[in-house]
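Asker: Predicted model follows, preceded by the sequence.
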Amino acid sequence: MDILRLPCCRLRKPLSAVFLLLVIGAVFANAQDQAGQAAQQSQDESQKQNQDQTQKLADKDKSVPSQASPTQVPEEKEVKITPHEAEELFHSVDEILAFDSKQTGLPIKKQVKRRLTSRDEVVAYLTKHMKDEDVKRLQRSELVLKKFGLLPREFDMEKLLVDLLREEVAGYYDPKTKTVNLLDWVPLEEQEPVLAHELTHALQDQTIGLDRWMKKGDKDLGEIKKDPTPEDIENDEMDDAREAVIEGQAQAMMFQYALAPVGRSIADSPDLVEGMEQETLTGTPNTKVFNDAPIFMKESLTFPYSYGMDFIVKLMANGGKEKAFAAVLANPPHTTRQIMQPETYVSGEKIEPMRLPEFKRDFKDYIKFDIGAMGEFDVSVLIEQYAGKELSKRLYPDWRGGYYYAARPKNEAAAPLGLLYVSRWSSAERAAEFAGIYARSLGQRYKKAEEVRDSSHASPDRTQERKVELLQGRHAWTTEEGVVVIEEQGDTVLVSESLDSVTTETLEKEVFGK
């Protein structure tokens, strides 16, 4: 399932240089307290320098207007940066580009164009981006996301995405014009870490050609007339994985730039980086649109930055900057599992592709609406939504494959969307756990979901540690949108929603080899 994808931009919420240095100071001080008396004098001196710099920036910040969303502060009250500040900012582009190049090992092949951009121009750019093919595909997938319960039924994804980007965006690099766009309403000191992020995109573009590189992973299975192959499903997350690489690298350089004044780096300060990530990826009172967004939207938007950066940092620890930048651009991951668990990418883990039904034959009475992978990221969000983040973190690493197929009955345009979803797990127990969580979701997704009691199943098994009921065998529920069947056999779970009984039975035979 496609993750929300943005232009090569940096969300505004984490970007204040003052805020970043305050976070650095707090986490850095905590790390020093735990270090004991060893090299105390050196630590005290470093801490004092950090506190002095943080205090100077904090004092300066008192004169900077709060960064409220447009709905909270009228645009006419926003303070624009002065022509002198704009000139100073333009001069810093080359300096920060050189910093990024040294840190990443990606060469500077040409000067990067720079442009001061107004809020109206940013909104126009984002609106235009909403018409791109990847977002159109996402709009088509909106109904599928609602069917899974990952979005509310009344949700308007396009409107929220534009509002969210308008609230959050802090700058962007446009690979078509080779220009870094700086925002004329964001204070000067907040723009520098943004530049460290955006100019990493410029270096990536000069190395691999970002548009061309991203398009290599851009294959819309919903538009393909032929049935997809197992390899098509396996590679369906390629664009999401590549997005995480480019944003993860840029995010790593933003943090590297922020840490440089205190003599630290992302490689030698894991606790510091973790603290900064936790703080900067949390909503604030000024990010109301983000705060109110569904879990899937928030996780999708932050995935390339959070998991992407963790992926890059672990590659740096494993093989240095060459492996984390040039090498991974030359040999990128192709699944969200590889991003979320970098050790699977490093080890070259191979997961056997899932055997697929003959969709055209089995869905002969239906019109295909959408099809795609249901990857590790997707199940992590689904589990988090219905069973909590702690259980999600424990269970999602046991994912071993998944796909969905959505269709509508022929000549019944108003009929509910039919859905087949098949997932594979590391063991029968993990499959039964996931089946139990999915069954739990039905009560939240449908107005009425009543289990048919003659379903064949093993006795439920619930433990205090697991806090979820294992669902084994075959179960069925009646809902206002038709029958839902959840069936677990071995390491595989099949879900059929709003499909007729003949089609469901046919799919069960194919999936389970009955």
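Answerer: Looks like it came in fine. Numbers count the residues shown, from 1 in each chain.
Asker: What segments of the stretch 101-250 of the chain are strands?
Answerer: Under the criterion DSSP state E, counting those that start in this stretch, strands of the stretch 101-250 of the chain are mapped to 113-117, 169-174, 179-183.
Asker: what about the longest one, average pLDDT?
Answerer: The pLDDT scores in strand 169-174 average 79.
Asker: Tell me where the protein is predicted with low confidence.
Answerer: 1-78, 126-127, 129-139, 165-166, 168-170, 217-218, 279-286, 454-468, 514 (pLDDT under 70).
Asker: Swap in 50 and give it another go.
Answerer: Along the chain, segments meeting pLDDT under 50 span 10-47, 49-50, 53-76, 459, 462-466.
Asker: Work out which residue lies at the spatial centre of it.
Answerer: Phe303 (2.2 Å; C-alpha atoms, centre = their mean).
Asker: Stretch 307-324: how far from the chain's middle?
Answerer: On the basis of C-alpha atoms, centre = their mean, to the nearest Å, stretch 307-324 sits 18 Å off its chain's mean C-alpha point.
Asker: Next, the buried residues of that stretch.
Answerer: By neighbour count on 16 or more other C-beta atoms under 10 Å, the buried set for stretch 307-324 is 307-316, 321, 323-324. In this view, the C-beta of every residue, glycine as well, is placed from N, C-alpha and C.
Asker: taking those residues one by one, which sit in helices?
Answerer: Tyr307, Gly308, Met309, Asp310, Phe311, Ile312, Val313, Lys314, Leu315, Met316, Lys321 (DSSP state H).
Asker: Which parts of the stretch 401-514 of the chain are strands?
Answerer: Using DSSP E, counting those that start in this stretch, the strands of the stretch 401-514 of the chain run over 418-425, 449-451, 473-479, 482-489, 492-497.
Asker: Next, the angle from the fourth one to strand 473-479.
Answerer: What separates the directions of strand 482-489 and strand 473-479 is an angle of 170 degrees, with axes from the mean of the first three to the mean of the last three C-alpha atoms, to 10 degrees.
Asker: quick check: angle from strand 482-489 to strand 492-497?
Answerer: Going by the same axes, to 10 degrees, strand 482-489 makes 180 degrees with strand 492-497.
Asker: Show residues contacting strand 482-489.
Answerer: Contacts with strand 482-489, where a contact means C-beta atoms under 8 Å, 6 or more residues apart in numbering, come from 416, 418, 428, 431-432, 435, 438-439, 442, 446, 449, 471-478, 493-499, 501, 504, 508, 512.
Asker: again, but for the third one
Answerer: The contact list for strand 473-479, computed with C-beta under 8 Å, 6+ apart, reads 439, 442, 446-452, 455-458, 483-489, 498.
Asker: what about it, distance to the chain center?
Answerer: That offset, for strand 473-479, works out to 32 Å (C-alpha atoms, centre = their mean).
Asker: ok, it: who's next to it in the sheet?
Answerer: In the sheet, strand 473-479 lines up against strand 449-451 (antiparallel), strand 482-489 (antiparallel) (DSSP bridges).
Asker: Run the chain-centre distance for the first one.
Answerer: The gap between the average C-alpha position of strand 449-451 and the chain average comes to 33 Å, counting by C-alpha atoms, centre = their mean.
Asker: circling back to that earlier point, may I see the strands of the stretch 401-514 of the chain organised as TSV, with distance to Glu167 and mean neighbour count added?
Answerer: Below are the strands of the stretch 401-514 of the chain laid out as TSV (distance: least, C-beta to C-beta, whole Å; neighbours: other C-beta atoms under 10 Å):
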stretch	distance to Glu167	mean neighbour count
strand 418-425	33	23
strand 449-451	36	14
strand 473-479	36	17
strand 482-489	37	22
strand 492-497	34	22
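Asker: now these as CSV including distance to Tyr125?
Answerer: Output for those, formatted as CSV (distance: least, C-beta to C-beta, whole Å):
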stretch, distance to Tyr125
strand 418-425, 35
strand 449-451, 43
strand 473-479, 42
strand 482-489, 42
strand 492-497, 38
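Asker: Out of the ones you listed, which gets nearest to Tyr405?
Answerer: strand 418-425 (4.5 Å; C-beta to C-beta).
Asker: Extract the CA atoms of that closest one and return them as PDB.
Answerer: In PDB, the C-alpha atoms belonging to strand 418-425 read as follows (Å, rounded to 0.1, in the frame of the first residue of the first chain):
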ATOM      1  CA  GLY A 418     -14.800  -6.000  -1.900                       C
ATOM      2  CA  LEU A 419     -11.400  -6.900  -0.400                       C
ATOM      3  CA  LEU A 420      -9.100  -9.900  -0.300                       C
ATOM      4  CA  TYR A 421      -6.100  -9.500   2.100                       C
ATOM      5  CA  VAL A 422      -3.500 -12.300   2.600                       C
ATOM      6  CA  SER A 423      -0.600 -12.000   5.100                       C
ATOM      7  CA  ARG A 424       2.200 -14.400   6.000                       C
ATOM      8  CA  TRP A 425       4.100 -14.600   9.300                       C
END
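Asker: So which other helices or strands are in contact with it?
Answerer: Using 3 or more C-beta pairs under 8 Å, 6 or more residues apart in numbering; DSSP states H and E, the elements in contact with strand 418-425 are strand 399-409, helix 428-445, strand 492-497, helix 501-512.
Asker: how about a cut-off of 6 Å?
Answerer: In this structure, strand 418-425 makes packing contacts with strand 399-409, strand 492-497, judged by 3 or more C-beta pairs under 6 Å, 6 or more residues apart in numbering; DSSP states H and E.
Asker: Now do it against helix 501-512: the angle between them, please.
Answerer: Using the same axes, to 10 degrees, strand 418-425 lies at 20 degrees relative to helix 501-512.
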